[in-house]
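Q: quick one, what's the 3D model for this:
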Amino acid sequence: MARRASRTARRAGALAAVAAAAIALAGCFTGERPTLADGPAMSGDPAVDAVLQRLDAARTSTFSVGYDVLTRFGDKRTAVTVVQAGPARRVITVGHIKFVVDDTAAATCDLDTSACSTTIDAARISDTQLAPDFFATSAAIRLRRDAAARIAPAVGSTEPIAGQQATCVAVPVTGSTETYCALDGGPLARLDAADLRIDLTSWSAAVDEAQFEAS
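A: Numbers count the residues shown, from 1 in each chain. All right, here's what the predicted structure looks like:
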């Protein structure tokens, strides 16, 4: 019973963190650029920081990737793609919802209806427990939180994922061990946690410009 209560509390905390990250990122998605005087904070744990450095770098990288996402609550699987061309242009497609950021322009589109808004509406994918920037900033926020709450040393490793070399860290926290992996140039390659399992299924350095069309 105590373990179940602990995991429930952790899941609630994870959802709150994702929601907070989505709100904090809204300005970033619509063109504003947050600044940190001394750069992103590191944890002080080499294994954790190796992954954090890659996730932080993912915000400015160029790539096209695919993911398989398992939302453990309800056993929901979702296909996700991310196309990013540097720091100000990206397209994230989560199921039938597509987020487009092209410099200062933004849109959220429903691919089933072709209806679009002119904002990034993170609530449209709340059932997946993903934030639109789950592959970079949101993953880094979550890893920093878990690193601060770890109950034993983190364990680093490397492994091939989707044909690419990934750097990983397993972080023991109360009730579970959370695993994070990232590619050398970003982005997130795996998250295995109590509430989510995210697996990279494909990676390419090529960018399809047609993806930046709103619908």
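
Q: where does the prediction get shaky in this structure?
A: 1-39 (pLDDT under 70).

Q: so the residue nearest the centre of it: helix, strand or coil?
A: Centroid-nearest residue in the chain: F134, 1.8 Å away (criterion: C-alpha atoms, centre = their mean). Put simply, F134 is coil when judged by DSSP: H, G, I helix; E, B strand; the rest coil.

Q: go ahead and confirm it touches I198.
A: Yes: between F134 and I198 there is a contact at 7.1 Å, judged by C-beta atoms under 8 Å. Every C-beta, even on glycine, is put in place using the N, C-alpha and C of the backbone.

Q: overlap in contacts of those two?
A: L188 (C-beta atoms under 8 Å, 6 or more residues apart in numbering).

Q: what is the distance between stretch 98-115 and the centre of its chain?
A: In this view, stretch 98-115 has its centroid 18 Å away from the chain centroid, taken as C-alpha atoms, centre = their mean, to the nearest Å.

Q: same thing with stretch 133-145?
A: Using C-alpha atoms, centre = their mean, the distance from the centre of stretch 133-145 to the centre of the chain it belongs to is 6 Å.

Q: what residues of it count as buried?
A: Residues of stretch 133-145 classed as buried: 133-144 (neighbour count, 16 or more other C-beta atoms under 10 Å).

Q: V169: which of those is nearest?
A: Nearest to V169 among these, counting by C-beta to C-beta, is L143 at 7.6 Å.

Q: not counting residues beside it along the chain, what's closest to the closest one?
A: Excluding the flanking residues, the one nearest L143 by C-beta to C-beta, 6 or more residues apart in numbering is Y180, at 5.1 Å.

Q: surely that neighbour forms part of a strand?
A: Yes: Y180 forms part of a strand when assessed by three-state DSSP.
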